[in-house]
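Engineer: generate coordinates for the sequence data below:
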Amino acid sequence: MRYFLKLRYDGTSFHGWQKLQGFPTVQGLIQESLSSIFNRPISIHGCGRTDSGVHAQKYYAHLDCEEVEKSKFIYRLNRMLPSSIEIIDLLDVLSSAHAQRDATERTYAYHISTHKDPFTYPFSYWLPYSIDLQALNEISTLLINTRNFTAFTKTPDRQKNLDCTVTEAVWLRDHENSVIFRIKADHFLRGMIRLLVGHMLNTFAGKSSFDEIKKGLNSGLRPPFFHMAPPQGLHLVDIKYPYLD
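Structural biologist: The predicted structure follows:
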């Protein structure tokens, strides 16, 4: 049978999602636990890569295995995994279902704290100066009308499709000392969100400008300062499939 694992994880101590020899990753640890449960090698395919230190509040991965009793299986798997990974559900899907290819929409949120707080630090980026949300939203509206994001990916030469359809890009105040950048698209390029956030925030530090970002979006040429926002602020918060609620 093919199942979708629905899970979430704190990416602080992991070198991203994808299995890497000699490094702890979310995929690697889950596969080790599943292989132990079934007493044979088990592979899972995730809905996408997350970089080292990036978090996922909602994530899906598919696997093929014999039929299991779901509640017992979830309980056993969670007991084997570290507290930084939680298996939320196990979903029946068609044998052709694919966690990565079938996803129609992904939503990320980048969390920024304007007040130093050791209890929020692992999940947000501390920025020690005030943020002009109106100015940031003027920049982020450009993303809705942009298709090609060649200028805002770490590896343009390794990706076949550099076009993304962004349907939401907005800066919001979460509460007095924090803001969130929320962005939704059909898919994202490697490093795209952290590069966009980094360049937008650099406008306040005088290292970038509205015009440079606009030029990069229009021309595909990378702005002169290649700056990625730190990974801990980035969270995958939602992912949509045509056959899941």
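Engineer: any idea how far Tyr241 is from Gln18?
Structural biologist: 21 Å (CB to CB, to the nearest Å). Where C-beta positions appear, they are placed from N, C-alpha and C, glycine not excepted.
Engineer: more crowded one of these two?
Structural biologist: Tyr241 (18 against 15; other CB atoms under 10 Å).
Engineer: for the helix or strand bottoming out on mean pLDDT in the chain, buried residues please.
Structural biologist: Ranked by mean pLDDT, DSSP states H and E, the weakest helix or strand in the chain is helix 210-219, scoring a mean of 86. The neighbour-count check on helix 210-219 (16 or more other CB atoms under 10 Å) flags Glu212, Ile213, Gly216, Leu217 as buried.
Engineer: which other helices and strands does it contact?
Structural biologist: helix 133-144, helix 192-205 (3 or more CB pairs under 8 Å, 6 or more residues apart in numbering; DSSP states H and E).
Engineer: name the next helix or strand downstream of the shortest one, please.
Structural biologist: Moving toward the C-terminus from helix 133-144, the next helix or strand (DSSP states H and E) is strand 166-175.
Engineer: residues in contact with the residue in the chain sticking out farthest from the centre?
Structural biologist: The C-alpha centroid of the chain is most remote from Asn39, which lies 31.2 Å away (CA atoms, centre = their mean). By CB atoms under 8 Å, 6 or more residues apart in numbering, the contact set of Asn39 is empty.
Engineer: ok, Thr114 next?
Structural biologist: Trp126, Leu127, Pro128, Tyr129, Ser130, Ile131, Asn177, Ser178, Val179.
Engineer: for the fourth one, give its distance to Ala205.
Structural biologist: By that I understand Tyr129. For Tyr129, the distance to Ala205 equals 8 Å [CB to CB].
Engineer: these two - which one has more neighbours?
Structural biologist: The neighbour comparison of Tyr129 against Ala205 (other CB under 10 Å) goes to Ala205, with 11 against 8.
Engineer: that older thread, after the least confident helix or strand of the chain comes which helix or strand?
Structural biologist: Sequence-wise, the next helix or strand downstream of helix 210-219 (DSSP H and E) is strand 234-240.
Engineer: in the chain, what spans have low per-residue confidence?
Structural biologist: Nowhere does the chain drop to pLDDT under 70.
Engineer: let me see the domain layout of it.
Structural biologist: The chain breaks down by automatic domain parsing into domains covering 2-92, 105-240.
Engineer: how about those in a markdown table, adding distance to His98?
Structural biologist: As requested, those are arranged in a markdown table below (distance: least, CB to CB, whole Å):
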| stretch | distance to His98 |
| --- | --- |
| domain 2-92 | 6 |
| domain 105-240 | 13 |
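Engineer: out of those, which gets nearest to Ala99?
Structural biologist: When the domains of the chain are compared by CB to CB, domain 2-92 sits nearest Ala99, at 4.3 Å.
Engineer: the closest residue to Cys164 other than its chain neighbours - how many residues pack around it?
Structural biologist: Distances taken as CB to CB, 6 or more residues apart in numbering put Ala185 closest to Cys164, at 4.9 Å, once the chain neighbours are dropped. Ala185: 21 surrounding residues under other CB under 10 Å.
Engineer: run through the bridge partners of Ala185.
Structural biologist: With DSSP bridges applied, Ala185 shows beta-bridge pairing to Arg106, Val166.
Engineer: thought it was touching Ile144?
Structural biologist: No. Using CB atoms under 8 Å, Ala185 is not in contact with Ile144; the gap is 9.9 Å.
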